[in-house]
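K.L.:
for reference, the sequence and a predicted model appear below.
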Amino acid sequence: MKKKTTTTSNILCTVLLCTALSCAVCACGTETDTADASRTDAAQDDADDSTADQSRDTDADTTAVEDAEQNTADSEDATEETGAEAGDTDIDPETDTTVSVFPSHIQITMQHNEEDLTANDGTVLCTTSYTYPVVSIEGNDDAAGKINEDIRSRVDSFLADTEAEEWSKEGYEYHIEDGSEYPFLSYYDDMTFGIQRADSNVISFTVTFYSFTGGAHGNYTTSGINYNAKTGDKLSFADLSDDADAFHEDTLAFNQALAKTEAYQMRMFSEDMLIGVSLETVLYAEDAWYLSTSGLTFISDPYELGPYVAGTIEFIIPYPDLADMGFRNNYTYGDRTAMKLLTDTANNFDLNGDGAEETILFSTETVAKDDDTYTTLLHLTIGDTDFSDQCNDIFQEVSTGYPVDQLSVFDLNVDDDFTELVLLSGENKDEDFVYNSYFFRYTKDGRLLYLGMTTGDVLNPTVSVTALETRS
C-alpha cells in the first residue's frame, strides 16, 4: 500500500539586488570556503561536514526606500554602541545600490512528492521522496520545454527503480523473523534537485540521490545538470570551449593544484588510498560538474577522493580563471563577482579596487568554553592585518547563529570600486536550518567595515537582497 503527498513551492529567480545599504560601520575582520551538494535533511544529519547546496529563499517585506531610511537610523545606533567614529563609513545609502543579477523572465517552481510503502500492519517500510524543478522562460517556451522534458525523464527513471522498496520488504521480513524488540527502521529513497545557476546564458542544477537501506548511515551521490538557457539543450563538457582537449588539460592542472592545498589535503585520501581511481577519473566523469554562481564546479562524492565524513568535495574554478583557459563567452556569468574563497589557503583578490590584490586567509575553529559548551571562532587575516578579534566581537553581537566554514566575495555594487566579503552563518529556526549572509567591506585605508546582513546564502540563485539589515 502506498500513501502519497504532494506539495509545491514557487521560487522566482529574480535577484533584485537593489540594495539600500545601511551604514553600520565597525572595524572588524573575516574569512572563507564551502560546499554544495543539495541534499535531504537526512543526509545532512549523516554528514554535517558535507558540502551542501540547498535552495534557500528570502523575502523582502519593505521597499528599498523604507529599508534605507530605517537602516540609516539603525546605523546611527550601531555607531554609538560600537564606538565607531562617524567618519568610519564609506557607504551612502542613497547611491550604493545594485542591479539585478538574475533575469525576471526565468521562473523555477519546485515540486515535491512523497510516497510511503507500508506493510499490512501499517508499518512504513520505505519512503520514496523526490523534489524537482519546473522551468518557465518568458518568451522561450521551446527552451523551457526541452529542459522540463529532460528533468521529467530523470524523475521517471528514478521512480522506475524500485530496488529500495524491494529491499525494504526483505528487511522487514527478516526483522519480524528475528523478533527484534526495536521498531523497524524504515528505508528511504530520495532524489532532490538544487538550483545552482539561473540566468540568460545558463540554467544549472545539482541532483542528489540519497538512500538509507539499513546500517549506520545512508549514502548519497550528486551530479550536475547544465542547460543552455537560450536553446534548452543540455550542455556537455566539450561545449564549454572551442578547444575541448586544451580546456580539459588546463582545468585539470588547476584542480591538481587545488588538491595539493592544505584545505583539500585535510579532506582527501592519501594517494596510496586512491585505489583504481584518480583525480582526473573522478572529476571528469560524465555529469560530475556544473556551472554555479562561483564558477565551474567539479564534484567528488563521499568515498571517491575522501572519506564519508569529508562529504561532497567540490573543486571550483572561478570564472575569471576560466577566461584564460578558453571558456566560451556565451556561458560566462555576467559582470558581477560572486564566488567562494578557499579556507585555510591564501586567496588573492583586489577587494578595494586599488589595483593591488590583498592576500586573504580564513578559517574557523571550534573551541570549548568554561561551561563545557562549544563555540566557533573566526580567523581572518587580510594582508598583514589580523581582524579576527574584532570580527568575532561583531559576529557575536549581531548573529544568533554560528559561523559556517565559508567566506565569499560578492560585488554588491558593480559601479563602485569595492567587492564585499560575505561570511555565512547557520542556525536552526522553527525546525528548519537557515543561512544568513553577513557583509563586510575592506576600505582603501585598510579597515574592515561591517555593512549588515541578509537572510539566505547570497551565492544561491534563489536568494535576493533588497536591503542589508543592521540587526540580526
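P.N.:
Happy to help now that I have it.

K.L.:
hang on, Leu258 packs against Tyr264?
P.N.:
Yes - using CB atoms under 8 Å, Leu258 is in contact with Tyr264, at 5.8 Å. (Each C-beta comes from the backbone N, C-alpha and C, glycine too.)

K.L.:
find residues that contact each of the two.
P.N.:
Phe315 (CB atoms under 8 Å, 6 or more residues apart in numbering).

K.L.:
between those two, which is the more surrounded one?
P.N.:
Between Leu258 and Tyr264, Tyr264 has the larger neighbour count (other CB atoms under 10 Å), namely 22 against 19.

K.L.:
now do that one against Thr206, distance only.
P.N.:
20 Å (CB to CB, to the nearest Å).

K.L.:
what does Leu451 give?
P.N.:
The gap separating Leu451 from Thr206 is 30 Å, by CB to CB.

K.L.:
residue contacts, Thr376?
P.N.:
364-367, 402-403.

K.L.:
quick one: which of the residues you listed sit in strands?
P.N.:
The strands, defined by DSSP state E, take in 364-367, 402-403 from the contacts of Thr376.

K.L.:
give the buried subset of these as a PyMOL selection command.
P.N.:
To isolate the buried members of the ones in strands among the contacts of Thr376 in PyMOL, using 16 or more other CB atoms under 10 Å:
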select buried, resi 364+403
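
K.L.:
just the closest of the ones in strands among the contacts of Thr376 to Val309, please.
P.N.:
Thr366 (14.6 Å; CB to CB).

K.L.:
Leu378 is in contact with the closest one, correct?
P.N.:
No - Thr366 lies out of contact with Leu378 (CB under 8 Å); the separation is 11.4 Å.

K.L.:
now for this structure, the helix or strand with the poorest mean pLDDT.
P.N.:
Least confident helix or strand of the chain, by mean pLDDT, DSSP states H and E, is helix 64-82 with a mean of 36.

K.L.:
which SSE is immediately downstream of it?
P.N.:
Later in the chain than helix 64-82, the nearest helix or strand by DSSP states H and E is strand 106-118.

K.L.:
quick one: contacts for the closest residue to Ala143 other than its chain neighbours?
P.N.:
Nearest in space to Ala143, with sequence neighbours left out and distances taken as CB to CB, 6 or more residues apart in numbering, is Gly232 at 3.4 Å. For Gly232, the contact set (CB under 8 Å, 6+ apart) comprises 140, 142-147.

K.L.:
for Gly232, helix, strand, or coil?
P.N.:
Of the three states, Gly232 takes coil under DSSP: H, G, I helix; E, B strand; the rest coil.

K.L.:
what bits of the stretch 51-200 of the chain have low per-residue confidence?
P.N.:
Counting by pLDDT under 70, the stretch 51-200 of the chain has low-confidence residues at 51-104.

K.L.:
dump the contacts of Gly232 to CSV, plus neighbour count.
P.N.:
As requested, these are exported to CSV (neighbours: other CB atoms under 10 Å):
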residue, neighbour count
Asn140, 17
Asp142, 11
Ala143, 19
Ala144, 22
Gly145, 13
Lys146, 18
Ile147, 26
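
K.L.:
in CSV, list those along with distance to Ile360 and secondary structure.
P.N.:
What follows is these, written out as CSV (distance: CB to CB, whole Å; DSSP: H, G, I helix; E, B strand; the rest coil):
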residue, distance to Ile360, secondary structure
Asn140, 40, coil
Asp142, 44, helix
Ala143, 39, helix
Ala144, 40, helix
Gly145, 44, helix
Lys146, 41, helix
Ile147, 37, helix
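
K.L.:
since that was my last question, I'll sign off now.
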